[in-house]
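Visitor: okay, sequence plus prediction incoming.
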Amino acid sequence: MVKPDDLGKIIDEHPFFQGIDDTLRALLVGCAANERYEAGQFLFREGQEAAKFYLVRAGTVAVEIDVPGKQPIVIETIGEGEVAGWSWIVEPYRSTFDARAIGLVRAISFDGKCLRKKMAADPALGYEVLRRFVPMMAHRLSSARLQMLDLYGPSAKPEKVKKAKVKAAGKTKGTNRSPAARLAKAAKKSKKDS
Amino acid sequence: MTAVPRDPMLPVLFRIEKVRRDLSDTFTMELVPEAGGEFSFKPGQFNMLYVFGVGEIPISISGDPGDRSVLVHTTRAVGAVSSALDSLKAGDQIGVRGPYGTAWPIESAYGQDVVFVAGGVGLAPLRPAIYHAMNNRERYGKVMVLYGARTPEDILFKKELERWRGRFDMDVLVTVDRATGKWSGNVGVVTNLVARGGFDPLHTTAFVCGPEVMMRYGASALEKKGVARDTIWISMERNMKCGVGLCGHCQWGSHFVCKDGPVFRYDSVADLFQVREL
């Protein structure tokens, strides 16, 4: 069992809440719990109530979407020092993706209802939490847009590349000149041109 | 052995020693001069490869600059000439002009952390600089390779990346744009790896290579981490023909990519990235 003081220290050390005011941190601690997930366990599932969000302390969480009849597609991974889950802050408070621990994951979870209540009662806390969440959400949106661009182009599945029918140099039929002879001719021509 | 004499406009005959398939549409060729001799180049430079009867294309050199006995090119088959190259086998011949263009200033980064940010086949033009950093490891601070690919199946030089990651003196982080449950690595854009840091931004030189949009966002992520614009380098790709700044095909603003690039210091070209349809 992690003591509240230790939880406060962990929260303060995590990049997401780093440097937060002591009073506000104490409010956060009241909604926080230390959690651990084994590989394959879900932190949250699509469609379920988004009850919590997580400060990942160790391990990697896969954010994925279930595709019927196929392997789930991982659309993002969240690692140490990052945050998993923001549906707790957006009505109707339902998770929009699955979040699965890839290996052992240690995280500090925050009870969404508890925190929303405190944020409504204390605008300073509300502002501080949103001030940290909004850039993270904007970053994720921007990353998702970049991913959609499919920047790296084709590959993956062994597609048959349409190969031009080229005779190997030096074995070309229908010409009297070898590549070396053609190069010599080009050199002669280049001298003439200059 | 004597160096191969080179006239910049005259292809030299090279023989394909070995062809390795890297991905379904990407392959690496090892070439040796038919007349014997060595081939020296600087990391980041490119050659014009001439497939007889088909045409000529610019391809970055992807081999170790410390090994002059073999010339290595990694190519993705996307057009007529690159597909024609893809159809060649060991023993066939091609014409080679070069090396051309500016180089990654890897030696001027001595004493600094170096971060290589690569996307897709953009890892190939960076590989000579990575080799140089590894061959001179003691001269650098941290060495990081941040690589993004489309899917786990599209990771270029996979075995080599694994080998580099196995070294205790460099960090290699790989991410893919999408994956299924079998992949236990990172998923997300390569700029996310930059955001995670792990290098000293005030003493870092960064080399970025990949699709233009990726380089733009990659450079921007490095800047956000505190890396100065004048220590970020990128490598541009344009339609090059002559390779020596004569024909104008590769003009990019006031630059000719073949002659003034392909490697540019980011602060000298950052504004051009904002110009539409350039």
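Guide: Sure, I can see it.
Visitor: so where's chain B shaky on pLDDT?
Guide: For chain B, the stretches with pLDDT under 70 are B:1-6, B:181.
Visitor: so what's whichever residue of it sits closest to chain A up against?
Guide: Nearest residue of chain B to chain A: residue B:120, at 3.4 Å (Cβ to the nearest Cβ). Every residue, glycine included, has its C-beta placed from N, CA and C. Residue B:120 makes contact with A:151-153, A:155, B:148-150, B:154, B:156, B:210-211, B:214, according to Cβ atoms under 8 Å, 6 or more residues apart in numbering or on different chains.
Visitor: let me see the mean pLDDT of the longest helix along chain A.
Guide: Secondary structure of chain A per DSSP state H: the longest helix is helix A:123-148. In this model, helix A:123-148 carries a mean pLDDT of 93.
Visitor: where do the helices sit along the chain?
Guide: All of this refers to chain A. Counting by DSSP H, the helices of chain A are A:4-13, A:22-29, A:112-121, A:123-148, A:179-193.
Visitor: please refer instead to chain B.
Guide: Counting by DSSP H, the helices of chain B are B:80-86, B:123-135, B:158-166, B:190-196, B:212-224, B:257-260, B:266-273.
Visitor: tabulate the ones you listed (TSV), appending distance to chain A and mean neighbour count.
Guide: Compiled in TSV, the helices of chain B are given as follows (distance: least, Cβ to the nearest Cβ, whole Å; neighbours: other Cβ atoms under 10 Å in any protein chain shown):
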stretch	distance to chain A	mean neighbour count
helix B:80-86	4	22
helix B:123-135	11	23
helix B:158-166	13	13
helix B:190-196	6	24
helix B:212-224	5	21
helix B:257-260	18	23
helix B:266-273	15	16
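Visitor: which one of these lies nearest to residue B:230?
Guide: Closest to residue B:230 of the helices of chain B is helix B:266-273 (Cβ to Cβ; 4.8 Å).
Visitor: by contact count, what packs against the closest one?
Guide: helix B:212-224, strand B:232-235 (3 or more Cβ pairs under 8 Å, 6 or more residues apart in numbering or on different chains; DSSP states H and E).
Visitor: OK, contacts around residue 148?
Guide: No chain in the question, so chain A it is. Residue A:148 neighbours (Cβ under 8 Å, 6+ apart): none.
Visitor: right idea, wrong chain: chain B
Guide: By Cβ under 8 Å, 6+ apart, the residues touching residue B:148 are A:152, B:118-120, B:174-177, B:189-190, B:193, B:210, B:214.
Visitor: repeat that for 7 Å
Guide: Residue B:148 makes contact with B:119, B:175, B:189-190 under the criterion Cβ atoms under 7 Å, 6 or more residues apart in numbering or on different chains.
Visitor: how about the residue nearest the centre of chain B, nearest residue that isn't a chain neighbour?
Guide: Note on chain B: the residue nearest the mean C-alpha position is residue B:125, at 1.1 Å, using Cα atoms, centre = their mean. Among residues not flanking residue B:125 along the chain, residue B:60 sits closest, at 3.6 Å (Cβ to Cβ, 6 or more residues apart in numbering or on different chains).
Visitor: quick revisit: any chance of the helices of chain B in TSV, plus distance to residue A:42?
Guide: Output for the helices of chain B, formatted as TSV (distance: least, Cβ to Cβ, whole Å):
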stretch	distance to residue A:42
helix B:80-86	44
helix B:123-135	34
helix B:158-166	29
helix B:190-196	22
helix B:212-224	30
helix B:257-260	49
helix B:266-273	41
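Visitor: between these, which gets nearest to residue A:62?
Guide: Nearest of these to residue A:62, taken as Cβ to Cβ: helix B:190-196 at 13.9 Å.
Visitor: now that closest one - C-alpha only, PDB.
Guide: The C-alpha atoms that make up helix B:190-196 are tabulated as PDB, following Å, rounded to 0.1, in the frame of the first residue of the first chain:
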ATOM      1  CA  VAL B 190       8.400   9.200 -35.200                       C
ATOM      2  CA  THR B 191       8.100  12.800 -33.800                       C
ATOM      3  CA  ASN B 192       6.700  11.200 -30.600                       C
ATOM      4  CA  LEU B 193      10.100   9.600 -30.100                       C
ATOM      5  CA  VAL B 194      11.800  13.000 -30.400                       C
ATOM      6  CA  ALA B 195       9.400  14.300 -27.800                       C
ATOM      7  CA  ARG B 196      10.600  11.600 -25.400                       C
END
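Visitor: what about it, distance to the chain center?
Guide: Remark: helix B:190-196 is offset 19 Å from the chain centroid, using Cα atoms, centre = their mean, to the nearest Å.
Visitor: can you show me the strands along the stretch 1-150 of chain B?
Guide: B:12-23, B:26-33, B:46-51, B:55-60, B:71-76, B:93-100, B:113-119, B:143-149 (DSSP state E, counting those that start in this stretch).
Visitor: send me the fifth one as PDB with only the CA atoms.
Guide: Right, strand B:71-76. The C-alpha trace of strand B:71-76 is given here as PDB (Å, rounded to 0.1, in the frame of the first residue of the first chain):
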ATOM      1  CA  LEU B  71      29.600   1.000 -53.300                       C
ATOM      2  CA  VAL B  72      26.200   0.400 -51.600                       C
ATOM      3  CA  HIS B  73      22.800   1.800 -52.800                       C
ATOM      4  CA  THR B  74      19.400   1.100 -51.300                       C
ATOM      5  CA  THR B  75      16.500   1.800 -53.600                       C
ATOM      6  CA  ARG B  76      12.800   1.600 -53.500                       C
END
